[in-house]
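K.L.:
Turn this into a model:
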Amino acid sequence: MTIENSPEKWPESDCLSANSRSGVYMPPKLRALFSASLPAVMFFSPPTSAEETDLDRYVHAPDEAYEFELMQTDSHEDITYHAIKMVSQTWLSEEEVDKPTWWHWLNLYVPENLKSEVALLVISGGSTRSDHPRDPDQTFLDTALATGNVVAELRMVPNQPLIFHNDGKERFEDDLVAYGWDKYLRSGESKWLARLPMTKSAIRGMDTTIEFLSQPEGGEVSIEKFVVAGASKRGWTTWMTAAVDNRVTAIAPIVIDMLNSVPSFEHHFASYGEYSPAVGDYVRHGIMNWQGTPEYEKLLSIVDPYHYRQRLTLPKLMINSAGDQFFLPDSSRFYFEDLIGPKYLRYVANTDHSLKGSDAAQTLAAWQHMISSGLPLPIFDWSIDWEKGSIRVESEDTPKNLTLWQAHNPDARDFRLETIGPAWKASEVTLDSNGAGEFFVEEPDEGWTAFFLEVAYPLGDFPAPFKITTGVAVVPDTRPFEEKLNEVKQKVSR
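P.N.:
Model (predicted):
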């Protein structure tokens, strides 16, 4: 199998305790029994383990704008490719935004030899100005062929560009999102939060996939559940979709390493002494000045996936970049331990937010294969001792290999690819006879060193292994701009 990593396509483009770090296998019969107990009428039922929020109310409100139309059907490499034009909803009014009707391309890849009723929904970006590509995407063709699963790519999430209040400024991506955050913080009106229609777009994508494929022109294919994936803002939307729709059986949020965002961005500032240019839209809209206020806390209660973690007990694979320009590589320390249920990390060395040139797409395909096939998830446990500067690993399953990755910056606590280049170095290590080991790197005389462990589990005849990692440890565990952060927090508290 060759699965190209095309990050521009997807960034743009057994019970566990709350403190467990491992993914635990649920026997197939028990898993099947559990799944069968969920009636089909739960399609639009939000989980009930947390208080209803404005997100729930928005995504489950009826919207007469919803419709879809088949535009193209072709065959490629034992895959039937359907291109569907879908209207997901109306967001805001014509007085508030220039294009209130959101529409999307929904591209379906249906294998001739379908192996599962679990589809992969990939939420991706793009502009509403773009023509629909007549040719299918090779990455999604390869994924559908390798897994034998339907792959659905939902494009143009969010719809963009948008112009608000006739101000003449076209807004894309973070500028669009941050504009709405500013409006919410000033007004308390959640209708301005783009995360709401982005999530509803994904729900409508699942609705359309199920309905169209059940029809004769769709091949009368039955789809019951979804693994949902997406990168960057689409990764954020992946979390939110799982929080409000029980058809989602597993998720793979990609390069959105910011759950529990208050301590995460304090860590960001205390490490860099400023906010990275990558989050400049939020700085320009004044969002950072609201941190610590009741308004900001209320915003996060709606949009931060960390606040929905009691609902998010499904299997989770978080694929992150170790050189992301948005997030520090040790950001998982602020949320991973608090997540409930099977959970895995994968940090990809020598990449940035785009994950360009990496094998992240193969990891996603392996995850889809495991979930849709009901394979046992590996039991991989790890912990970081921040005082000792060590990572301890235990694996009940025998990995194909175990790799220690490390990078050193002598000048700053900064491991962004754009700062240090492809500085991560790999070395093969082993576990003891009990499948355990504790790993250290030498504390540097100057600067900081980051390191993590990566394991690869073979999946029988499947052409890609399942790669996962520990979190990233940094030694010494110090932040050079701690005092500057405290000064900023004192100013805000006044």
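
K.L.:
Would you agree Glu394 falls within a strand?
P.N.:
Yes - under DSSP: H, G, I helix; E, B strand; the rest coil, Glu394 falls within a strand.

K.L.:
Would you check that it makes contact with Gly435?
P.N.:
Yes - between Glu394 and Gly435 there is a contact under C-beta atoms under 8 Å: 6.0 Å. For every residue, glycine as well, the C-beta is placed using N, CA and C.

K.L.:
What's the end-to-end length of stretch 348-364?
P.N.:
13 Å (C-alpha to C-alpha, to the nearest Å).

K.L.:
Could you do stretch 338-348 as well?
P.N.:
Start-to-end, stretch 338-348 (C-alpha to C-alpha) is 22 Å.

K.L.:
what is the rounded mean pLDDT of that stretch?
P.N.:
Throughout stretch 338-348, pLDDT has a mean value of 99.

K.L.:
Stretch 83-96 too?
P.N.:
98.

K.L.:
which residues touch that stretch?
P.N.:
63, 65-73, 97, 100-108, 132, 159, 164-165, 191-192, 196-197, 200-201, 204-205, 208, 212 (C-beta atoms under 8 Å, 6 or more residues apart in numbering).

K.L.:
So how do I select the buried members of the residues you listed in ChimeraX?
P.N.:
Selecting only the buried entries of the contacts of stretch 83-96 in ChimeraX, with 16 or more other C-beta atoms under 10 Å as the criterion:
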select :63,66,68,97,100,102,103,104,105,106,107,108,159,164,191,192,196,197,200,201,204,205,208,212
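
K.L.:
Now intersect the contacts of stretch 83-96 with the strands, please.
P.N.:
67-73, 101-108 (DSSP state E).

K.L.:
So which of those is the closest to Gly230?
P.N.:
Gly230 lies nearest to His104 out of the ones in strands among the contacts of stretch 83-96, by C-beta to C-beta, at 13.0 Å.

K.L.:
What's opposite that closest one in the beta bridge?
P.N.:
On the basis of DSSP bridges, His104 is bridged to Met86.

K.L.:
and what of the one 5 residues further on?
P.N.:
With DSSP bridges as the criterion, Tyr109 is bridged to Tyr81, Val151.

K.L.:
Tell me how many other residues surround it.
P.N.:
27 (other C-beta atoms under 10 Å).

K.L.:
just Trp236 next, same as before
P.N.:
Trp236 - counted by other C-beta under 10 Å - has 24 other residues nearby.

K.L.:
Now do the SS call for it.
P.N.:
The three-state assignment at Trp236 reads helix, by three-state DSSP.

K.L.:
now Ala146
P.N.:
Relying on three-state DSSP, one would call Ala146 helix.

K.L.:
What segments of the stretch 1-150 of the chain are strands?
P.N.:
Secondary structure of the stretch 1-150 of the chain by DSSP state E, counting those that start in this stretch: the strands cover 67-76, 79-90, 101-111, 118-123.

K.L.:
what residue ranges in the stretch 351-494 of the chain score low on pLDDT?
P.N.:
The model of the stretch 351-494 of the chain has pLDDT under 70 over residues 492-494.

K.L.:
where along it do the helices fall?
P.N.:
For the stretch 351-494 of the chain, the helices defined by DSSP state H, counting those that start in this stretch occupy 360-373, 417-420, 482-493.

K.L.:
Can you give me the distance of Leu377 to Arg416?
P.N.:
Per C-beta to C-beta, to the nearest Å, Leu377 is found 31 Å from Arg416.

K.L.:
same deal with Leu485?
P.N.:
19 Å.

K.L.:
Neighbour count for the two, which is higher?
P.N.:
Comparing Leu485 with Arg416 by neighbour count (other C-beta under 10 Å), the higher total belongs to Arg416, at 23 against 17.

K.L.:
Tell me how many other residues surround Ala349.
P.N.:
Neighbour tally, Ala349, other C-beta under 10 Å: 25.

K.L.:
no wait, Lys489
P.N.:
For Lys489, the tally of surrounding residues (other C-beta under 10 Å) stands at 13.

K.L.:
Surely it touches Asn289?
P.N.:
No - in this structure Lys489 lies outside contact range of Asn289 using C-beta under 8 Å: 11.5 Å.

K.L.:
Can I get the strands of the stretch 1-150 of the chain in a markdown table including distance to Val262?
P.N.:
Output for the strands of the stretch 1-150 of the chain, formatted as a markdown table (distance: least, C-beta to C-beta, whole Å):
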| stretch | distance to Val262 |
| --- | --- |
| strand 67-76 | 39 |
| strand 79-90 | 30 |
| strand 101-111 | 30 |
| strand 118-123 | 25 |
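
K.L.:
What's opposite Phe226 in the beta bridge?
P.N.:
Here Phe226, judged by DSSP bridges, has bridge partners Ala119, Val248.

K.L.:
any idea how far Asn149 is from it?
P.N.:
Applying C-beta to C-beta, the value for Phe226 to Asn149 is 10 Å.

K.L.:
Grab the nearest non-local neighbour of Gly148.
P.N.:
Residue nearest to Gly148 in three dimensions, not counting chain neighbours: Lys115, with 3.2 Å by C-beta to C-beta, 6 or more residues apart in numbering.

K.L.:
Contact partners for that neighbour?
P.N.:
When contacts are taken as C-beta under 8 Å, 6+ apart, Lys115 is in contact with Thr147, Gly148, Asn149, Ser372, Ser373.

K.L.:
could the residues you listed go into a markdown table alongside distance to Thr128?
P.N.:
Listed next are the contacts of Lys115 as a markdown table, based on distance: C-beta to C-beta, whole Å:
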| residue | distance to Thr128 |
| --- | --- |
| Thr147 | 30 |
| Gly148 | 33 |
| Asn149 | 28 |
| Ser372 | 32 |
| Ser373 | 36 |
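
K.L.:
Could you pull up the contacting residues of Phe336?
P.N.:
Applying C-beta under 8 Å, 6+ apart to Phe336 gives the contacts Arg21, Met318, Lys343, Leu345, Gly471.

K.L.:
dump the residue contacts of Glu442.
P.N.:
Per C-beta under 8 Å, 6+ apart, neighbours of Glu442: Thr449.

K.L.:
try Val472
P.N.:
Val472 is in contact with Ala322, Pro329, Asp330, Ser332, Tyr347, Ala450, Phe451, Phe452, counting by C-beta under 8 Å, 6+ apart.

K.L.:
how about a cut-off of 7 Å?
P.N.:
By C-beta atoms under 7 Å, 6 or more residues apart in numbering, Val472 lies in contact with Ala322, Pro329, Asp330, Tyr347, Ala450, Phe452.
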